[in-house]
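In: Got a predicted structure plus its sequence, pasted below:
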Amino acid sequence: MTGLLIKDLYIMRQSIKSMLFILVVWSVVFLGGKKTGMFLIPMFIMIAGMNVLNLFAYDRQTKWETYALTMPIPRWKMVLEKYLYSVCIAAFFGIIAVAAVAAATAIKGMGMGPEFLFELLINWLTGVVLAFFYNSISIPLTYWLGVEKARMIPSVLIGVAVFLIVALASAYGDDIAVSDSTVTAVIIAGALGTVVMMVLSYFISVSVYNKKEF
C-alpha cells in the first residue's frame with residue numbers, strides 16, 4: 001500500500017508543484033486586502049481532491065493496471081490506495097490553505113479569536129464535503145466509464161446544486177432567516193454524510209474493478 005502511494009505521489013509531483021504555485025499566487029492576490037480570503041480553503045481542498053482523476057489518466061496512458069495485475073497486489077488494495085491518495089492530497093492542501101489564511105490574518109493584525117477559528121473550521125469542512133462528494137461519485141465512474149465521463153457527471157451535479165442554491169437564495173433570501181448554528185449543523189451533517197458516501201463508494205469501486213478485464 002505504501003509503495004503504491006509513493007508511486008502515485010512521484011508521478012503527480014509536477015502537478016502538485018503546479019498546484020502549490022497556484023496557491024502561492026492566489027494567496028498573494030486574495031490575502032493582501034482587508035478580507036480574510038477564507039474561500040481559498042474549500043477551493044483548494046476541492047481542487048486537490050479532484051487531482052486523483054489526473055492520476056487515473058496517467059495510469060491508463062502508461063498501461064499501469066496491466067502491469068500491476070501481474071504482481072501479487074489485490075485489486076481492493078489498488079482501489080483503496082486511490083481513495084487514500086485523494087484524501088491525503090486534499091488534507092495536505094487544506095492544511096497549507098488554512099496556514100496561509102491564518103498567517104495572512106496574523107500579519108495584517110486582524111483578530112484571530114474563537115470566531116475566526118470557527119470560520120476556519122467551517123470552511124475546511126465545506127472543502128471536505130465538496131471534495132468527498134465529488135470523489136465518491138467520480139472514482140467509481142472512472143473505473144466504470146473512464147476518466148472523461150467521470151469528470152463530467154459529478155461536475156454537472158455540483159453545478160446544478162450550486163445553481164439551485166443561488167436561485168433559491170435570490171428568490172427567497174429575504175424571507176428565509178438561517179442562523180449560524182443551522183448552517184454549522186448542515187455543514188457538519190454534510191461532512192459526515194460524505195464520509196459515509198466515500199466508504200460506500202469504495203466498495204462500489206472494488207465491485208466494479210473486480211469485474212474488469214485487461
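Out: Thanks, I have it.
In: By mean pLDDT, which helix or strand of this structure comes out lowest?
Out: One helix or strand of the chain scores below all others by mean pLDDT, DSSP states H and E: helix 147-172, with a mean of 66.
In: what's the next secondary structure element after that one?
Out: Elements were assigned by DSSP states H and E; along the chain past helix 147-172, the next helix or strand is helix 180-210.
In: Which strands or helices does that next one pack on?
Out: Contacts defined by 3 or more Cβ pairs under 8 Å, 6 or more residues apart in numbering; DSSP states H and E place helix 180-210 against helix 75-107, helix 114-145. Using the backbone N, CA and C atoms, a C-beta is placed for each residue, glycine as well.
In: Go through those and pick out the most buried.
Out: The highest average neighbour count among those, using mean count of other Cβ atoms under 10 Å, belongs to helix 114-145 at a mean of 20.
In: for the record, mean pLDDT for that one?
Out: The pLDDT scores in helix 114-145 average 84.
In: what do you get for stretch 21-41?
Out: For stretch 21-41, the per-residue pLDDT averages 72.
In: first to last residue in that stretch, what's the distance?
Out: One end of stretch 21-41 sits 15 Å from the other (Cα to Cα, to the nearest Å).
In: I'd like the helices and strands packed on helix 180-210 as TSV, with distance to Y58 appended.
Out: Below are the helices and strands packed on helix 180-210 laid out as TSV (distance: least, Cβ to Cβ, whole Å):
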stretch	distance to Y58
helix 75-107	12
helix 114-145	12
